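[1] using only what follows, build the 3D model:
(chains A and B)
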Amino acid sequence: MSEVRVRFPPSPTGYLHIGGARTALYNWLYARKHNGKLILRIEDTDAERSTQESIDGILKGLKWLGLNWDEGPYFQTAFTHEHKAAAQRLLDEGLAYKCFCTKEELEHKREAALSAKRDYKYDGSCRNLTAEETAAREARGLPCVIRFKVDRQAPGTVSFNDHVLGVISRTYNDIEDFVIVRSNGKPLYLLCNVVDDIRDRISHVIRGQDHLGNTARQILIYRALGARVPEFAHMPLTLDLKKAKISKRSHGEIVAVQFYQQRGFLPWALCNFLALLGWSTTDNQEIFSREELIKAFSLERINKANSIFNYQKDNPKFFTDPKAISINEHYLRTMPMAELAPLVKERLQAAGLWQDDYDGSRREWFINTVDLIRSRFHTLNDFAEMGRAYFAEDYEFEARAVRKNVLKHEELKTWLPALADSLEALPEYNHETIEAAMRGMAEDLGIKPGILINGARAVTTGRLAGPSMFEVAEAIGRERMVNRLRHKTAPLYEPD
RNA sequence: GGCCCCUUCGUCUAGCGGUUAGGACGUCGGCCUCUCACGCCGGUAACACGAGUUCGAUUCUCGUAGGGGUCACCA
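    Here you go, the predicted model:
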């Protein structure tokens, strides 16, 4: 079996979105699984819309996701001469012809056909022009496009065995003589893409089902060019809740890979989620390490039906597909601390909360603290936001926490500073002695321990909920705890 | 409209003639408990419809309906 070579060919007209990322992921998985190569090719033939910014964004997105490529990025515009040469060759061999019909004429015919509810296809007006007629028109300086000549005689249908969908066929009659080169001399996507895939020796074309309609025409080009036709696998599309294809234009940042990076997603968690959007295993495994996923992946297990990206706009709890969040949470609380620590570090640095000794003398404290708080976090950003009180003194107080756990008990104004005294006096300061102190004090006061514990939590972390208060107190440290209980309690009782 | 593809819980899906139709996420209830989360236990919830084939259809065939894609001198 020949080498597996797949490609990801984004057109740089915007950011990398999750649909594109998923296509890249599937190609990447297939390449890795078969020890093949992934080629990155930037299809920048549309000079109008292509931007350097977009190219940078796409490359950055792929790198962040960890989808490394083996060749490229190649740029389609660098091979324009090849595309033109291919068109010329088709022309020379009589497999394509020049068409002098104007855009206006065609537009007119198209509209007429449409309004008459007829199917429109190019009528082949210029197909049978003699060499002399063609030459005469060229001599008059008439602009022309080059059309591929679809052979309507032979077999009748063009078909291929799609790795996802099975046998797909289309009759020649349904295929019009399509344009491969514009009147300004620029070759079109259909041609460029094939020429590039031939040059890059692509063995498997794994792309979205939105390309299904291109495939038959492209196969015709492969054949006309005498090239081997690659294998095809058309992935289902991802739609929104209203079943519309997701797009940058209509869905904005929610579909941008960069958005997930900003919101504190773990790159592999996103990959894992994307892999599951349209692909599964028989045993229903859902959490995969890189190696596991590469091993388990196969084109044949890709679902035929489109899948829905399940997100509700303006839902603060689920700012994206709940499943994506849940997978992210899973990794967040189970991944090795050695891998998580640097990621948290980045976020703390960005928030100005990082201190260098977290990497040095206080490394153990840092690791333990992150480990302590991670189980109720959803994203990396939470460490700097919900977890701010562990790393800074200027944390905010949740209104509900203050109302429910502080203001409700006027006496806490004196109890909590008293608790500070007792913590300060402890001969040993650890979660066990802290627990004994707090419970003991509650008993002495004849109150439920929860009142003291929850009050302490609200004052020292600003939050209604969190990990075991005794461990929190240990993590925050005696000095800071005592200080917070003494000085941050009373002000909460003062009206704004 | 033509052509092509698709159709199992709200969502992602398992299933490849005989299952109490399974799992995950969400949701609901419970346990745990200093709160919340984690974790654990349990509940809710699906084969689009109609014919056929068959002893038997979620599964095979054909229709119908619905959804999607595509019909450019965009990629």
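
[2] count of residues packed around A:Tyr74?
    18 (other C-beta atoms under 10 Å). Bear in mind the C-beta positions are built from the backbone N, C-alpha and C, glycine included.

[3] and the residue in the stretch 1-150 of chain A that RNA strand B sits nearest to, what does it touch?
    Nearest residue of the stretch 1-150 of chain A to RNA strand B: A:Ser11, at 2.8 Å (C-beta to the nearest atom of the strand). Residues counted as contacts of A:Ser11 (C-beta atoms under 8 Å, 6 or more residues apart in numbering) are A:Ile42, A:Glu43, A:Asp44, A:Thr45, A:Asp46, A:Arg49, A:Ser50.

[4] repeat that with 6 Å
    A:Glu43 (C-beta atoms under 6 Å, 6 or more residues apart in numbering).

[5] likewise for A:Gly141?
    Taking C-beta under 6 Å, 6+ apart as the test, A:Gly141 contacts no residue whatsoever.

[6] which SSE is it in?
    Using DSSP states H and E, A:Gly141 sits within no helix or strand.

[7] kindly provide the distance from it to A:Gly252.
    Separation of A:Gly141 from A:Gly252 (C-beta to C-beta, to the nearest Å): 46 Å.

[8] A:Gly446 too?
    Applying C-beta to C-beta, the value for A:Gly446 to A:Gly252 is 57 Å.

[9] stretch A:190-198 near RNA strand B at all?
    Yes: against RNA strand B, stretch A:190-198 shows contacts by C-beta under 7 Å from any atom of the strand at A:Leu190, A:Cys192.

[10] what does that stretch rub up against?
    Taking C-beta under 6 Å, 6+ apart as the rule, stretch A:190-198 contacts A:Thr45, A:Gln76, A:Glu82, A:His83, A:Ala86, A:Ile180, A:Arg217, A:Gln218, A:Ile221, A:Tyr222, A:Ala227.

[11] picking that back up, element containing the residue of the stretch 1-150 of chain A closest to RNA strand B?
    Using DSSP H and E, A:Ser11 sits in no helix or strand.

[12] quick one, domains of chain A?
    Chain A breaks down by automatic domain parsing into domains covering A:1-73+A:190-335, A:336-390, A:399-493.

[13] as CSV, the ones you listed with mean pLDDT would be great.
    As requested, those are exported to CSV (pLDDT from 0 to 100):
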stretch, mean pLDDT
domain A:1-73+A:190-335, 94
domain A:336-390, 94
domain A:399-493, 91
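
[14] show me where chain A has strands.
    Remark: strands assigned in chain A by DSSP state E are A:5-8, A:37-42, A:71-75, A:96-99, A:145-148, A:157-162, A:166-171, A:179-181, A:204-208, A:231-235, A:238-239, A:307-308.

[15] partners of the fourth one in the sheet?
    What that stands for is strand A:96-99. According to DSSP bridges, strand A:96-99 forms sheet pairs with strand A:145-148 (antiparallel).

[16] kindly report the same for the third one.
    In the sheet, strand A:71-75 lines up against strand A:37-42 (parallel) (DSSP bridges).

[17] hmm, the strand it pairs with touching RNA strand B?
    No: Strand A:37-42 stays clear of RNA strand B (C-beta under 7 Å from any atom of the strand), getting no nearer than 8.7 Å.

[18] equivalent analysis for stretch A:170-186, please.
    Yes: judged by C-beta under 7 Å from any atom of the strand, stretch A:170-186 comes into contact with RNA strand B at A:Arg170, A:Asp174, A:Val179, A:Arg182, A:Ser183, A:Asn184, A:Lys186.

[19] buried ones in that stretch?
    A:Arg170, A:Tyr172, A:Ile175, A:Glu176, A:Asp177, A:Phe178, A:Val179, A:Ile180, A:Val181, A:Ser183 (16 or more other C-beta atoms under 10 Å).

[20] of all those residues, which comes closest to A:Glu286?
    Comparing these against A:Glu286 with C-beta to C-beta places A:Arg170 closest, at 36.5 Å.

[21] quick one, helices of the stretch 151-300 of chain A?
    For the stretch 151-300 of chain A, the helices defined by DSSP state H, counting those that start in this stretch cover A:189-199, A:212-224, A:248-251, A:257-262, A:267-276, A:290-296.

[22] revised request: answer the last question for the stretch 301-450 of chain A.
    Using DSSP H, counting those that start in this stretch, helices in the stretch 301-450 of chain A cover A:322-334, A:337-350, A:363-373, A:381-384, A:399-402, A:412-424, A:431-445, A:449-461.

[23] now the last one, how far from the centre of its chain.
    This points to helix A:449-461. How far helix A:449-461 lies from its chain's middle: 40 Å, per C-alpha atoms, centre = their mean, to the nearest Å.

[24] what sits up against it?
    A:389, A:401-402, A:405-406, A:409, A:412, A:416, A:438-439, A:442, A:466, A:469, A:481, A:484, A:488-489.

[25] do that helix and RNA strand B meet?
    Yes: counting by C-beta under 7 Å from any atom of the strand, RNA strand B is contacted by helix A:449-461 at A:Pro449, A:Gly450, A:Ile453, A:Asn454, A:Arg457.

[26] returning to that earlier point: for ChimeraX, what selects the buried ones among the contacts of helix A:449-461?
    Those of those that count as buried under 16+ other C-beta under 10 Å are selected in ChimeraX with:
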select /A:389,401,402,405,406,409,412,416,438,442,466,469,481,484,488,489
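
[27] restrict the contacts of helix A:449-461 to contacts with RNA strand B.
    Applying C-beta under 7 Å from any atom of the strand to these, those adjacent to RNA strand B are A:Gly466, A:Met469.

[28] how about A:Val145: which residues does it bridge to?
    Counting by DSSP bridges, A:Val145 is bridged to A:Cys99.

[29] can you tell me how far it is from A:Leu90?
    For A:Val145, the distance to A:Leu90 - C-beta to C-beta - is 13 Å.

[30] then A:Leu380?
    Applying C-beta to C-beta to A:Leu380 and A:Leu90 gives a distance of 53 Å.

[31] please apply the same query to A:Leu277.
    Taking C-beta to C-beta, one finds A:Leu277 at 39 Å from A:Leu90.

[32] if we can go back for a sec, adding pLDDT, write the buried residues of stretch A:170-186 out as TSV.
    Shown next, in TSV, are the buried residues of stretch A:170-186 (pLDDT from 0 to 100):
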residue	pLDDT
A:Arg170	90
A:Tyr172	90
A:Ile175	91
A:Glu176	91
A:Asp177	94
A:Phe178	95
A:Val179	95
A:Ile180	96
A:Val181	96
A:Ser183	93
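
[33] check the residues you listed and tell me the two furthest apart.
    Every pair of the buried residues of stretch A:170-186 checked by C-beta to C-beta; the farthest is A:Arg170 and A:Ser183, at 27.3 Å.

[34] got the residues of the stretch 201-350 of chain A near RNA strand B?
    A:209-214, A:236-237, A:239, A:242-245, A:276-280, A:282, A:284, A:286, A:301, A:303-308, A:310, A:317, A:321-323, A:326, A:329-330, A:333.

[35] list buried residues within the residues you listed.
    In these, burial by neighbour count holds for A:209, A:214, A:236-237, A:276-279, A:306-308, A:321, A:329, counting by 16+ other C-beta under 10 Å.

[36] follow-up on the earlier one: now the helices of the stretch 151-300 of chain A in TSV, with distance to A:Gly477?
    TSV is the format used below for the helices of the stretch 151-300 of chain A (distance: least, C-beta to C-beta, whole Å):
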stretch	distance to A:Gly477
helix A:189-199	60
helix A:212-224	61
helix A:248-251	45
helix A:257-262	31
helix A:267-276	32
helix A:290-296	38
